[in-house]
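Chemist: the following comprises the amino acid sequence and a computationally predicted model.
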Amino acid sequence: MAQAQRKSNLVSIEITGLNHDGEGVGRIDGLAVFVPGTIPGDQARVRVVETKRSYARAQVAEITKLSADRVKPPCAVAEPCGGCSLQAMAYEQQLTWKTRAVQDAITRIGGLKDVVVKPCLAAKHPVHYRNKVQFPVAMQGGVPVAGCYARGSHQVVPTEDCLIQHETNNRIVLESLRLIKELDLTVYDERRGGGLVRHIMGRVAPGTGEAMAVIVTSIKRFTRGGEFASGLMQAVPRLVGVLQNINPERTNIILGPVTRVITGRGYIDDLFGNKRMGMLRFRISPLSFYQVNAEQAAELYAQSLEYADLTPAATAVDIYSGIGTITLFLARRCHQAFGIEEVAPAVADAKQNARLNGLDNVRFITGRAERVLPRFTQEAGIRPEVVVLDPPRKGCEESVLAAVVRMRPVRVVYVSCYPATLARDLAILQRSGYRALETQPVDMFPHTSHVESSTLLVRE
C-alpha cells in the first residue's frame, strides 16, 4: 500500500531551464518546480517535497528521457558532491545557458532591452582551474577524509582528486590526510565540538608555481605541528609554507582570526595577467581575496580595462578593490588610481602589491564604500573619468551607486559575480543617467552555475 502510494505521488515533468543554482526547472500545473540533478531537455518523474507560493522543489525518481545535451560527468563523485552542478551538461551548452542567464536577468530584472550581451567567454582549461581549496575533514570508517559536502548536507564526500582543483591543491589534501593518519591527529566533530583538525586549505600561485598549505584547527595547541609541516613540505613540490589557522568557534565559517606560520613563508607570490593587459606581481596571504581561476580572471579584467579606456591624464576609482588586482592595472594606464576596500588586511596586501610593482600613483582607502565614498568625493574633490565597481554577490548599496553618480565619471565598469544583482544595479544607474551598452560574460567557474561578467556604462 505504501509503495503504491509513493508511486501515485510521482509526477512527470519536462525540464526547460535552469535556476541560478544550476537546478533544472520545469512546470507542473503552471507552477515552477526546481529539480536538482536535471538539465534542460530531460524528462523525468519526480516527487514534490516542498511547495511555496511561487515555486516548488522536487526530487528525481527516474529520468525517463535524457537530454540531448547530457554527457557522462567526468568526475567519479559528481552526483553526491555538491560542488559542480553542471557536469552532466555538455560544456558548449553550459556557456549557452550562462549567456542566457545574464541576458534574462538584465531584461527581466533590470528591465533593460538594448544591452548587448556577448557570448560567454569559454575557459581554455575547464578542469583543474581552481587555485584555492578549502575542504572540511571528517572521520569515516575510522579513516580521515576530506572533500565537499554532499548537496544540502554536512556529510563530507571523500574526494581524492577533485576535477576542478589545481593538481597541487589535490596533492596538499592527499598528503595532509596521510599525515593526519600517520601522526594520529584527531579530527573535529562538529556535532560534539571536539577534535583538532577542521579543514585543509591550499593556495597555489599559477604564475609562479608557489603554494601554501593551511591546516585549520579548533585549538591553538598543535603539539605535532612541526612534524606535520615538515612532512608536508617534503611531500609537496613548490610548497613554500605551512601555516596553522585557529578557529575555536562552533560555526560554519572556515577560518578563524589567528593564523601562525609553522614553517616557511606566510605568503605566496604570483604573476598575474595576460598578453592583453600585461603582467603584475601579487602577494597572497591566507586571508587575501584572490580570484580562484587566474586565467579567466585575467580575461575578465582585460575586458574591463578595455571598457575603461583610460587616458594617461585620467583618474580612476576602484570600489571593492580587495588586494588591488584591478586597481594596479588601472594605475599603470592613468595618472592616478584610488582603491576603496573595507577589509583592512586586504588593504595592507594592496599597498604591499603596489610597492612590489613600483607603482606610486595609487592610493588605497580602508572603509565601507557606502561610508567612504561620500566623504572621499567631498573632501578630496575627486572627479574620476572612470569608476570600476566589483562588488560581492549582494551587489552595491544604493548609497554607493548614488555616490558614484555624484562623482559624474564618464564611464562606469561594473564587474559582477551574480546576474540578478547586476541587473538590479544597472537599472538604478540607468535611472540616474548612465546607460549600459555592453556586457561580456566570462566562464570563471566551469561545471558550476556561477557566471561573472563585465559591463560598460556611459554617462548620458
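Modeler: Received the coordinates, thanks. Numbers count the residues shown, from 1 in each chain.
Chemist: now do stretch 100-107: distance to the chain's middle.
Modeler: Averaging C-alpha coordinates over stretch 100-107 and over its chain gives two centres that are 20 Å apart (C-alpha atoms, centre = their mean, to the nearest Å).
Chemist: show me what the longest strand seen in the chain is packed up against.
Modeler: For the chain, the longest strand by residue count, based on DSSP state E, is strand 55-65. When contacts are defined as 3 or more C-beta pairs under 8 Å, 6 or more residues apart in numbering; DSSP states H and E, strand 55-65 sits against strand 10-14, strand 31-35, strand 43-51. (Glycine included, C-beta is placed from N, CA and C.)
Chemist: give me the sheet partners of the last one and which way each runs.
Modeler: Spelled out, that is strand 43-51. Sheet pairing for strand 43-51, assigned by DSSP bridges, gives strand 10-14 (antiparallel), strand 55-65 (antiparallel).
Chemist: got the angle for that strand vs strand 31-35?
Modeler: Angle between the axes of strand 43-51 and strand 31-35 is 100 degrees (criterion: axes from the mean of the first three to the mean of the last three C-alpha atoms, to 10 degrees).
Chemist: for strand 43-51, buried residues please.
Modeler: 43-46, 48 (16 or more other C-beta atoms under 10 Å).
Chemist: hang on, the earlier thing: looking at the helices and strands packed on strand 55-65, which is closest to residue 409?
Modeler: Evaluated with C-beta to C-beta, the helices and strands packed on strand 55-65 place strand 31-35 nearest to residue 409, the distance being 39.2 Å.
Chemist: any idea of the mean pLDDT in the helix or strand that the longest strand of the chain is followed by?
Modeler: Stepping forward along the backbone from strand 55-65, the first helix or strand reached (DSSP states H and E) is helix 91-104. Per-residue pLDDT over helix 91-104 has a mean of 96.
Chemist: give me the pLDDT value at residue 4.
Modeler: Predicted confidence (pLDDT) for residue 4: 32.
Chemist: phi and psi next, for residue 404.
Modeler: According to degrees, to the nearest 10, the main-chain angles of residue 404 amount to phi -60, psi -40.
Chemist: for it, which non-adjacent residue is closest in space?
Modeler: In this structure, residue 404 finds its nearest non-sequential neighbour in residue 387, 5.2 Å apart by C-beta to C-beta, 6 or more residues apart in numbering.
Chemist: show me the contacts for the one you found.
Modeler: Counting by C-beta atoms under 8 Å, 6 or more residues apart in numbering, residue 387 makes contact with 316-319, 404, 407, 409, 411-413.
Chemist: report the beta-bridge partners for it.
Modeler: So, taking DSSP bridges as the rule, residue 387 has residue 317, residue 412 as bridge partners.
Chemist: please shift the residue numbers so they start at 170 in all later answers.
Modeler: In the new count, where the first residue is 170, that last one comes out as residue 556.
Chemist: rewinding a little: can you pick the most crowded of the contacts of residue 556?
Modeler: With neighbours taken as other C-beta atoms under 10 Å, the top of the contacts of residue 556 is residue 487, carrying 32 neighbours.
Chemist: identify the residues contacting that one.
Modeler: Residue 487 sits next to 493, 495-496, 499, 506-509, 556-557, 559 when contact means C-beta under 8 Å, 6+ apart.
Chemist: any idea of the pLDDT on it?
Modeler: Residue 487 is assigned 97 on the pLDDT scale.
Chemist: the closest residue to it other than its chain neighbours in helix, strand or coil?
Modeler: Distance criterion C-beta to C-beta, 6+ apart; nearest residue to residue 487, sequence neighbours excluded, is residue 496 at 4.2 Å. Reducing the assignment at residue 496 to three states with DSSP: H, G, I helix; E, B strand; the rest coil gives helix.
Chemist: correct me if wrong: residue 496 contacts residue 505.
Modeler: No - Residue 496 is not in contact with residue 505 according to C-beta atoms under 8 Å; the separation is 10.8 Å.
Chemist: so what sits against both of these two?
Modeler: Common contact partners of residue 496 and residue 505 (C-beta under 8 Å, 6+ apart): 485, 531.
Chemist: from residue 209, how far out is residue 192?
Modeler: For residue 192, the distance to residue 209 under the criterion C-beta to C-beta, to the nearest Å works out to 11 Å.
Chemist: now swap in residue 547 and tell me
Modeler: As for residue 547, its distance to residue 209 is 50 Å (criterion: C-beta to C-beta).
Chemist: residue 496 and residue 505: which has the busier surroundings?
Modeler: Shown here are residue 496 and residue 505; by other C-beta under 10 Å, residue 496 has more neighbours (28 against 17).
Chemist: strands of the stretch 320-469 of the chain, residue ranges please.
Modeler: Taking DSSP state E, counting those that start in this stretch as the test, the strands found in the stretch 320-469 of the chain are 366-373, 380-386, 408-415, 427-433, 437-443, 447-453.
Chemist: which of the residues in stretch 222-242 are buried?
Modeler: Neighbour-count burial for stretch 222-242, counted by 16+ other C-beta under 10 Å, picks out 225-227, 229, 232, 236, 238-239, 242.
Chemist: so who does residue 612 touch?
Modeler: Residues near residue 612 by C-beta under 8 Å, 6+ apart: 263-264, 267, 289-292, 295, 465, 620.
Chemist: let's go with 6 Å and repeat that
Modeler: 289, 291-292 (C-beta atoms under 6 Å, 6 or more residues apart in numbering).
Chemist: include mean pLDDT and distance to residue 389 when you put the strands paired with strand 212-220 into JSON lines, please.
Modeler: Compiled in JSON lines, the strands paired with strand 212-220 are given as follows (pLDDT from 0 to 100; distance: least, C-beta to C-beta, whole Å):
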{"stretch": "strand 179-183", "mean pLDDT": "95", "distance to residue 389": "53"}
{"stretch": "strand 224-234", "mean pLDDT": "95", "distance to residue 389": "42"}
